[in-house]
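Engineer: the sequence and its predicted three-dimensional model are supplied below.
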Amino acid sequence: MDPDPEITPDILLRAYAMGIFPMAESRDDPAIHWVDPRRRGVFPLDGFHISRSLARRIRRGGYEVSADTAFDAVVSACAAREETWINDRIHGLYADLHRMGFAHSLEIRIDGELAGGVYGVTLGAAFFGESMFSHRTDASKLALTHLVARLRRGGFTLFDTQFLTPHLASLGAIEITRADYHRRLRDALLRGADFGPPGRELEPLAVA
């Protein structure tokens, strides 16, 4: 869709409710384009795949999980790559949504350092995953695993990944048609869900 020079947090929320999301061509391009893919990536929340090696990593521990304690740092880390769709305007809009309670992050710390994380937007029972990063082996997988557990606990029914990548597919993400996505989105927007409180998660994640 065409770029829109005037985007407010409220407009952004309405766009998500319509199934479209913003992207920039690059960090240095100030224009924001609206995207509505013909095929959409989603995580079936009951079909998240934890490999044996990831399960062993979770059981071994040695990392801390928290939510909404370093939102800006997570977005900055996601944008700090050679090719990124997160420009300064988009970063600022998500910071606004975070202050409004609609954007959230989940962080993984190893040895006290931010090692991985993921952030996204919530509306109703839908979570729109925006981006993730990993500075240590498996840190983004750990973040996604704990995020899915949190979304399940909170009553979410839709985890939108926007696009399907081989990495996400290996964890159980699938691709659906635009029509199917919009049907699932409409259903999720009619429901309530709770992302949960900010702060460190103290309970270990049980895996088989």
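Structural biologist: On my side now, so go ahead.
Engineer: report the central residue of the protein.
Structural biologist: G129 (2.5 Å; C-alpha atoms, centre = their mean).
Engineer: quick one: average pLDDT of whatever helix or strand that residue lives in?
Structural biologist: Per DSSP states H and E, G129 falls inside strand 126-134. With pLDDT averaged residue by residue, strand 126-134 scores 95.
Engineer: how about the very next helix or strand once past that strand: buried residues?
Structural biologist: Proceeding N to C from strand 126-134, the next assigned helix or strand is helix 139-154, under DSSP H and E. Under the neighbour-count criterion of 16 or more other C-beta atoms under 10 Å, helix 139-154 has 139-151 buried. In short, each C-beta sits where N, CA and C put it, glycine included.
Engineer: turn the residues you listed into JSON lines, columns for distance to A17 and pLDDT.
Structural biologist: As requested, these are exported to JSON lines (distance: C-beta to C-beta, whole Å; pLDDT from 0 to 100):
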{"residue": "A139", "distance to A17": "31", "pLDDT": "95"}
{"residue": "S140", "distance to A17": "27", "pLDDT": "93"}
{"residue": "K141", "distance to A17": "30", "pLDDT": "93"}
{"residue": "L142", "distance to A17": "30", "pLDDT": "95"}
{"residue": "A143", "distance to A17": "26", "pLDDT": "95"}
{"residue": "L144", "distance to A17": "24", "pLDDT": "94"}
{"residue": "T145", "distance to A17": "28", "pLDDT": "94"}
{"residue": "H146", "distance to A17": "26", "pLDDT": "95"}
{"residue": "L147", "distance to A17": "21", "pLDDT": "96"}
{"residue": "V148", "distance to A17": "23", "pLDDT": "95"}
{"residue": "A149", "distance to A17": "26", "pLDDT": "93"}
{"residue": "R150", "distance to A17": "22", "pLDDT": "95"}
{"residue": "L151", "distance to A17": "18", "pLDDT": "96"}
